[in-house]
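Asks: no letters, just coordinates:
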DNA sequence: ATAATTGTTTAGAGCGGTCTAAAAATAAGC
DNA sequence: GCTTATTTTTAGACCGCTCTAAACAATTAT
Ligand SMILES: [Mn+2]
Ligand SMILES: [Mn+2]
Ligand SMILES: [Mn+2]
Ligand SMILES: [Mn+2]
């Protein structure tokens, strides 16, 4: 039996540590979970005890094969629910995250299998993130951040690194969505801001935006 | 802020006490919640403290107006999710309850409003129970139990008093579903078993079945 | 290499929910 | 009415998860 809180910690370790294989520091985990380091330590011990995590004192934490399986399954549920909310219930991409955080913990194998079929086996969620299949296989998404894109080249927007309401609404306001074609006009060395062209209109974006927008060559 | 456990207790008080207005005993509540009387007492105190329940020591518990609102909202969510599972995800009426018990606690007003619309504002769940509308209004279902039905009269099945897997599968096996026409042939005084006719075929059912099957005159 | 800083773990406590065992109140039997 | 049985409440404990404060380990600076 695995608790909702344990699932959330496992997911956080997975995301912080590049699929859970890289070691994650206690402070980083606490920060991500909005708790204190002492709470993170307690949970890490428990996860290690239950064989979801590898842990040596002062050496950080990573996921075992079991832990990775749990993480992938939760991510699969999270992203399938996000697709459901957008495709069927008229949610916008900035409205789905909080609800999906709750729905991802519903326990029913049939539910998630049927939902997957009902949605026609989607491969990506509303933010462009890949949805693991029933076996936990991820489709790797080829992508570069806008910050690493080359001047003069045209790209397609394929994802975001930050699913916060503020960032997603900023993108909406500037007509940037998944599939939008973006041409990189100029990268300013001084403050790393970037001039881009979208649908004929020029736009200046900050370094922060550049780092959080994922593209692939058009 | 109201916890998942509080919500479940409130719902139980509502169901045990005829919409929460009749007083419910500590033992009955503990029994329904699969806990001990001492746990029920603790929770009753907390609910009274939060103004969801009326409570005087040794006098049982009932719901306040606030408590009733909470209960009705959870029931609404529970039943809408049940409809979703059956109508959209190929669940059978005996498979929905456990999952709905989890889904009913998801917190999002938009989610439930959109789900309601997506399902085309259903008025009854897969077990024939009425779904409260957004304002909490129940449509009253006119019904008698099969045990109270009159010999020689034809009825339509409109609901069940017991949504357990065993009972629902029994009904499936005997071709009894919502909408099925049932004629009462004979009520045996000795053991209160009942001979009925369904689709031309005669069937003998026990008193237990009679008490758990709701009908209305055809 | 020693000192200072930063990162991590432990100690001890609190809250929500559960339990068992025992005390108190109510209901039933005679 | 008094006694017994039943119901309900209290007392004290435990588990999961959180916190603050303090101890300890690792890293960085001088
Ligand atoms: Mn999300
Ligand atoms: Mn997403
Ligand atoms: Mn149900
Ligand atoms: Mn139902």
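Replies: Good, I have the coordinates. This is a predicted model, so every value here is computed, not measured. Ligands and ions are numbered 1, 2, ... in the order given.
Asks: mind pulling up the pLDDT for residue A:37?
Replies: What the model reports for residue A:37 is a pLDDT of 97.
Asks: pretty sure it is touching residue A:28, no?
Replies: No. Applying C-beta atoms under 8 Å, one finds residue A:37 not in contact with residue A:28, separated by 9.7 Å. Every residue, glycine included, has its C-beta placed from N, CA and C.
Asks: between these two, which one's more packed in?
Replies: Applying other C-beta atoms under 10 Å in any protein chain shown to residue A:37 and residue A:28 shows that residue A:28 carries more neighbours, namely 18 against 14.
Asks: helix, strand or coil for residue A:80?
Replies: Of the three states, residue A:80 takes helix under DSSP: H, G, I helix; E, B strand; the rest coil.
Asks: contacting residues around it?
Replies: For residue A:80, the contact set (C-beta atoms under 8 Å, 6 or more residues apart in numbering or on different chains) comprises A:112, A:115, A:116, A:119, A:122, A:125, A:131.
Asks: report the two of those separated the most.
Replies: Spanning the widest gap among the contacts of residue A:80 are A:112 and A:125, at 14.0 Å by C-beta to C-beta.
Asks: these two: who's more crowded?
Replies: Between residue A:112 and residue A:125, residue A:125 has the larger neighbour count (other C-beta under 10 Å), namely 25 against 19.
Asks: for the more buried one, what are its contacts?
Replies: Under the criterion of C-beta under 8 Å, 6+ apart, the contact list for residue A:125 reads A:78, A:79, A:80, A:82, A:83, A:131.
Asks: what's the answer for residue A:59, then?
Replies: So residue A:59 contacts residue A:23 (C-beta under 8 Å, 6+ apart).
Asks: what about it, which SS state?
Replies: Assigned by three-state DSSP, the conformation of residue A:59 is coil.
Asks: thinking again about what came up before, which of the contacts of residue A:125 tops the neighbour count?
Replies: In these, the most neighbours by other C-beta under 10 Å go to residue A:82, 27 neighbours.
Asks: am I right that that one is in contact with residue A:100?
Replies: Yes. Taking C-beta under 8 Å as the definition, residue A:82 is a contact partner of residue A:100 at 4.8 Å.
Asks: picking up where we left off before, quick check: the two most widely separated of the contacts of residue A:125?
Replies: A:78 and A:83 (10.1 Å).
Asks: include pLDDT and distance to ligand 1 when you put the contacts of residue A:80 into JSON lines, please.
Replies: Output for these, formatted as JSON lines (pLDDT from 0 to 100; distance: C-beta to the ion, whole Å):
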{"residue": "A:112", "pLDDT": "98", "distance to ligand 1": "16"}
{"residue": "A:115", "pLDDT": "98", "distance to ligand 1": "16"}
{"residue": "A:116", "pLDDT": "98", "distance to ligand 1": "17"}
{"residue": "A:119", "pLDDT": "98", "distance to ligand 1": "16"}
{"residue": "A:122", "pLDDT": "97", "distance to ligand 1": "14"}
{"residue": "A:125", "pLDDT": "97", "distance to ligand 1": "7"}
{"residue": "A:131", "pLDDT": "97", "distance to ligand 1": "12"}
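Asks: make CSV from the residues you listed and add secondary structure to it.
Replies: As requested, the contacts of residue A:80 are exported to CSV (three-state DSSP):
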residue, secondary structure
A:112, helix
A:115, helix
A:116, helix
A:119, coil
A:122, coil
A:125, coil
A:131, coil
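Asks: which one of the residues you listed sits closest to chain B?
Replies: residue A:115 (6.5 Å; C-beta to the nearest C-beta).
Asks: which residue sits closest to the closest one, ignoring its sequence neighbours?
Replies: Once flanking residues are discounted, residue A:115 sits nearest to residue A:80: 5.5 Å by C-beta to C-beta, 6 or more residues apart in numbering or on different chains.
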